[in-house]
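Q: One predicted model, sequence on top.
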Amino acid sequence: MSTIRIVQNDNLPEVTLTLTDRQTGDPIDLSAATTTVVVKFRALGGTTVLSTLTCSKVDAVNGVVRFGFPGTTLDVPAGQYQGEIEISFNGQILTPFDLLNFTLRADF
């Protein structure tokens, strides 16, 4: 998976993802009203979740979601970070195996 490049202290970058079934490659249908998707954001090698970012459904039937970095989410040291996607279907959790990779560079 490619690395998402972001800048320290920004709060406007948005990331759009298409969630697919690893076995079939088909999009994961997120259209159920009770389906929520979040990204848990942490430092590479760390165990503490720094932020939980709520995704909005852009095209739910085709598994397309978008998330941003609100407030002071990116007010953290420059470096390598990871994101774990968590999909909740009516309280049942599906966590895709692959992690998101982020490189956060220092702001000027």
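A: Done, it's in. Every value quoted in this text rests on a predicted model; they were computed, and no experiment measured them.
Q: which residues in the protein form helices?
A: Using DSSP state H, the chain contains no helices.
Q: Check it and tell me which residue is nearest its centre.
A: residue 39 (3.5 Å; C-alpha atoms, centre = their mean).
Q: ok now do residue 10, which residues does it touch?
A: 69, 74, 107 (C-beta atoms under 8 Å, 6 or more residues apart in numbering). (Each C-beta comes from the backbone N, C-alpha and C, glycine too.)
Q: unless I'm mixing things up, the first one is touching residue 9, no?
A: Think residue 69. No: in this structure, residue 69 is not within contact of residue 9 by C-beta atoms under 8 Å, at 9.7 Å.
Q: in its sheet, what does the least confident helix or strand in the chain by mean pLDDT sit against?
A: Across the helices and strands of the chain, mean pLDDT, DSSP states H and E gives its lowest value to strand 92-94, namely a mean of 93. If you go by DSSP bridges, strand 92-94 pairs up with strand 79-89 (antiparallel).
Q: which residues sit against the strand it pairs with?
A: Contacts with strand 79-89, where a contact means C-beta under 8 Å, 6+ apart, come from 17, 19, 28, 30, 32, 34-44, 50, 53, 93-96, 99-104.
Q: can we see that at 6 Å?
A: 35-44, 94-96, 99-100, 102, 104 (C-beta atoms under 6 Å, 6 or more residues apart in numbering).
Q: Then stretch 56-70?
A: Residues contacting stretch 56-70 (C-beta under 6 Å, 6+ apart): 11, 13-19, 27-31, 37, 39, 53, 55.
Q: measure residue 52 to residue 27 for me?
A: Noted for residue 52: a distance of 23 Å to residue 27, by C-beta to C-beta, to the nearest Å.
Q: any idea of the pLDDT on residue 6?
A: At residue 6, the model reports a pLDDT of 96.
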